[in-house]
Every structure is written in structure tokens, then in C-alpha cells.
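**Q** sequence and predicted model, in that order:
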Amino acid sequence: MTDDRHYDVIVIGSGAGGGTLAHRLAPTGARVLILERGDYLPRERDNWDSSAVFVRAKYRAPEVWYDRHDNAFPPEVNYYVGGNTKFYGAALFRLRPEGFGELRHHDGISPAWPLDYADFEPYYTQAEHLYRVHGRHGEDPTEGPASAPYAHPPVRHEPRIQRLNDDLEKQGLHPFHLPMGVDLVQDAQGRATRDGACIRCDRVDGFPCLLLAKSDAQVICVDPALRYDNVTLVTGATVRRLETDGSGRTVTAVVAELADQADEADQGLVRYRGDIVVVACGAVNSAALLLRSAGDRHPDGLANSSGVVGRHYMRHNNLALMAVSLEPNDTRFQKTLALNDWYLGADDWDYPLGGVQMLGKSDAEQIRGEAPHWAALAAPDLPFETLAHHAVDFWLCGEDLPRPDNRVTLDHEGGIHLALDERNNIAGVTRLRHKLQGMLSSLGMHRNHLLPHSLYLHKGMPIGATAHQAGTVRFGDDPRSSALDIQCKAHDLDNLYVVDTSFFPSIGAVNPSLTAIANALRVGDHIAERLGARAAT
């Protein structure tokens, strides 16, 4: 059946890209439809239960993808209003200025973007203010210029992390406050006040927030957008394909399967029609949707005359590690510190290494889940509760390079296959780990105990850690080597846009969410101008 309403813009996906774009368009009066394959995340005690979230993976999508050897694996994806931002760590970084240009790495070249840092800077500032980012510009020597300060002061370090900060400074390094998106108001001692929803708990990283204090796309963008009568949200709507007109230049229908109608004779398929269609399903699912939408005019997939759709998949080279402090670590809100001194290189290495951030605080349940993976690593002979009390958790992030053979493809049944060279450009982050390992004694840690936090990366399966996925529908100036133009509109179609991290030509070594948010604001302004010009005629 066909929805009989006319929409100016249909947005597929409600995460950092889609949710933010809908929020940008809501005040314009444009009739906006948001299609989200999930529902609202249930607010329940298990939201903050480590066993439910990390060990049982209660909220992860119950689906499998396949690697290049056709082995099934569970991807780290969550289908809810707000997308993966419901579970992200809310660390909201700007891509460094050098990341917009060509960068030479040990294993190859990180390509330049068609736009530079100055083009994104005004939107970064708007994104930081919209998503309530707490931080302080000027602390990190690798960051670019900012046209305005953060609207909120940095989240203050608790005593053990402040000592870590001080010890790093004694080493001649430049730790800085991690830019965090939370609804937090602090008193003079850094304690949470009643004026904000955040209580400085230990559940910010990887958990959904029961208090709605984390700046996720549902809280910040989708729910406020729905206060406008011209914005509609349909949940349980899995988009199966996009249809085009006879010329192949215009998307004429978005075909979705509705969960609440799946038992009907028509299998719950509904066609939605809109003047502009925006895809924001996540880098893997957006590429898969375009490939599934192949037709006579687009035999290799929609927007794929260049052959790049699905290719150049990136996901960062990440290491989640747990050090063991000599003194107890009573920190609750641990995710407040980062270090980028070796982001672009080191005295003993001519290539970028990446950055170090704090992770959320480990607890005994997480460590109990990790224990089988530490069996061969001579883990400290301490009870889980004691080990958790001394844990200090780090996230190391290095740049993955966009290889054409790292790609998304579909099998004959529509199953998603993800080919990935898991050793692509890992030398930098390996050296970054050695840098951290070599400092442990001077940082008040057991020098021989830097343990893999593999549970955070889904039990040591690097291919399953898809939280930072990017690059499968890249933008660029040349239609022969990119799928999208600089406004993130498909070269091959007049009314199709992609605004999640698919558009990235490279990924840098910082969390990609803020760049996706800033770009959605930028593209939202372009679409609003396009709609306004049409209305004027």
C-alpha cells in the first residue's frame, strides 16, 4: 500500500546524522517524515546492568553479518530511536585540521577531503552547542581553531583521574579534558547539582542513560523535532529499497516493511513518497540499502555509477585496555581525560599513532565477563571486586585507512557481508599501546598489567566492533571516484542524499559522531535552501 501523504523530505534513520538533519529542518515548516527501523529503547533497570548490556548484549540487534570467509558474526548495532548514539560514549571530538588533508601513514595514504576544516568549523561550533558538549578549547595542541568557546565547562576530573592528569603533565605531555555531551551542571567541587539531569554515574559509556542525561540523538534532536506538527516519526519501519522513475534520476518511493503489519497479506510493505530522500542508516546499512535498490538504470546499485558504494569501509583501529592502579580508583565518572601528544607522530616514529581517551569505569560484572579472555595473560590474582576497584580504563584510537577491498556486499538472500583487513595500518596504534605501557609505573599503575578490555569490543572480534563505521558512500568532487557531491547529494540522482558517516573519505583517529552531526547541520541548511527556492518559484 502507499502512504497518501506528501512529504517534502523523508529521512531514513534517526541517529547522529538523520536525527540531527530532521531537527534542523523542523522549524522550516517542511513536511518531514522520519523512518526508524527500531522503536524507542525501553527505560528499565537493565539499561544500567553490565551483564545485560555487555555480557548478554540484550540491546544489540539480533542479526548476523558475514565476514570475507562467510563466517557469521554479531555486529555492534542497535536499532532504536536515536540509533547507536543511545549507546555511544558521548565523546564529541572535531576531526583535526590535518585530517581534512592528505596524511601519510605507515601503511598508506589517508586521502584529502573535498572540503577543509574551515568549511566545517561553524557547524562544529553549532553541533557542540546543540549537543551540550562540555570542554575547553585550547588545551589540546592538535585541535583546530574554534570560533566560539564550548557552551559548558569541562567535566571535572575526580581525584584519581586528576592525579593521572598531573602525572602525565610531569612527563611533559598535554592531557586535556575529554569533550563530553551530557546534561551536567557542577558545583564548585565538581559534584552534580539538581540543575542538570546527569548525576556523574559510572554508566555513561556503552550504556543507555536512564535519566536521559546523555546527549544522544533521540533526546537532543528527534524528540524536540516531533514537537513540530510538520514532523512525523514512524518506528518499526525497515526500509527495503528505494525506487526510481524511468530516467533513474529521481527516487520516487521509499519501500518499507512495518513491524506492526508484518502478518498482513501485503507483508506490511508501505510506499512513502517525498521530494527529497535522505539515507542515514549507518555506513554498512546505508551502503546495503543502495545496493539492494539496484534496477535497470542502476544495475550495480543506486548512486553507484562510480563503483564505490560499499567500498572503503573504515572502523578505526581501536584498543580497549584496563590498567591496574596501585591505589584504589574510586572514580565514578571516569570519562574525562584524553591525550593526543602522539596523534600525528612521535620522536621515534614519523607517522601518526592516534589518541588515548578514558573509558567508562569497569565494574566487577564486566571483569567477570572478561576473565576467560585473560586466562593466558597472567591476570592479577585478585578477586573481581578488588580488581574492579583498582581498574583504570583506556581507549586507544588509531586511523584505519580506506581500502577499496574493505567493503560491504550482499549475497543472493540479501545478507550483509563485510570484508575487512583487520591488520590495516595497525602499526601506529600498536606503538601507542607501547607508549602507554611504558608509562604505567610513572602513572601509579602496575607496570605489567595492561589487559585487553575485549568485552567492550564484543569478545575480541574486531570485525564485530562496528560502532565507528564510516566511508562506504564517500563524497567528493569527481563522480568517477565518489558517490556523493560536496553537499552529500548522489551524483547520479537529483533528490537523494546520504548524511551518516558513510560520506567520510577518511576517518581520522577521533570519534566520528560530532563530524556526522556537524555535516547533518550543514546539509540541512542546503536542503532548507533548496526547499525554499522551490517554494519561491
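**A** That came in fine, so what should we check first?

**Q** where does the stretch 301-450 of the chain have low pLDDT?
**A** Low-confidence segments of the stretch 301-450 of the chain (pLDDT under 70): 371-382.

**Q** apply 50 and report the result again.
**A** 378 (pLDDT under 50).

**Q** over to the chain?
**A** For the chain (pLDDT under 50), the answer is 264-265, 378, 457-461.

**Q** where do the helices sit along it?
**A** 18-25, 50, 117-130, 159-170, 217, 223-225, 283-292, 364-370, 384-390, 427-439, 513-536 (DSSP state H).

**Q** ranking those by burial, who's on top?
**A** Mean neighbours per residue, mean count of other CB atoms under 10 Å, is largest over the helices of the chain for helix 217, with a mean of 32. Placement of C-beta: from N, CA and C, glycine included.

**Q** need the helices of the chain in CSV with distance to Leu178, can you?
**A** Below are the helices of the chain laid out as CSV (distance: least, CB to CB, whole Å):
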stretch, distance to Leu178
helix 18-25, 21
helix 50, 21
helix 117-130, 13
helix 159-170, 10
helix 217, 20
helix 223-225, 25
helix 283-292, 24
helix 364-370, 20
helix 384-390, 21
helix 427-439, 16
helix 513-536, 12
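
**Q** so which of those helices comes closest to Leu493?
**A** Leu493 sits nearest to helix 283-292 of all these, at 10.2 Å, using CB to CB.

**Q** wait, what's in contact with the closest residue to Leu344 other than its chain neighbours?
**A** In this structure, Leu344 finds its nearest non-sequential neighbour in Pro352, 5.2 Å apart by CB to CB, 6 or more residues apart in numbering. The neighbours of Pro352, taking CB atoms under 8 Å, 6 or more residues apart in numbering as the test, are 103, 105, 342-345, 398-399, 428, 509.

**Q** ChimeraX command for the buried members of the residues you listed?
**A** To isolate the buried members of the contacts of Pro352 in ChimeraX, using 16 or more other CB atoms under 10 Å:
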select :103,105,342,343,344,398,399,428,509
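
**Q** contacting residues for Asp67?
**A** 73, 417-420, 463 are the contacts of Asp67 under CB under 8 Å, 6+ apart.

**Q** again, only this time at 10 Å
**A** 73, 417-420, 422, 461, 463-464 (CB atoms under 10 Å, 6 or more residues apart in numbering).

**Q** can you check Gly282 too?
**A** 13, 15-18, 75, 77-79, 83-84, 288-289, 466-467, 469-470, 472, 500-502 are the contacts of Gly282 under CB under 10 Å, 6+ apart.

**Q** could you turn the buried ones of those residues into a ChimeraX selection?
**A** Only the buried entries of the contacts of Gly282 go into this ChimeraX selection, using 16+ other CB under 10 Å:
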select :13,15,16,17,18,75,77,78,79,83,84,288,289,466,467,469,470,472,500,501,502
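
**Q** among the contacts of Gly282, which are in strands?
**A** Among the contacts of Gly282, no residue falls in strands (DSSP state E).

**Q** surely Gln334 touches Ser325?
**A** No - in terms of CB atoms under 10 Å, Gln334 does not count as a neighbour of Ser325; the distance is 11.3 Å.

**Q** mutual contacts of those two, please.
**A** The contact lists of Gln334 and Ser325 share 160, 164, 391-392, where a contact means CB under 10 Å, 6+ apart.

**Q** which pair in those has the greatest spatial separation?
**A** Leu164 and Ala391 (12.8 Å).

**Q** pull up the overlap in contacts between these two.
**A** With CB under 10 Å, 6+ apart as the test, Leu164 and Ala391 both reach 323, 325, 329, 331, 334.

**Q** enumerate every residue touching Arg194.
**A** Neighbouring residues of Arg194 by CB under 10 Å, 6+ apart: Val185.

**Q** same question, Arg156
**A** So Arg156 contacts 134, 162, 177, 184, 186-191, 200, 333, 336 (CB under 10 Å, 6+ apart).

**Q** please repeat the previous calculation with a cut-off of 8 Å.
**A** Counted by CB under 8 Å, 6+ apart, Arg156 has contacts 186, 190, 336.

**Q** possible to save the residues you listed as CSV with distance to Gln261 and neighbour count?
**A** CSV is the format used below for these (distance: CB to CB, whole Å; neighbours: other CB atoms under 10 Å):
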residue, distance to Gln261, neighbour count
Gln186, 48, 19
Gly190, 50, 18
Thr336, 46, 25
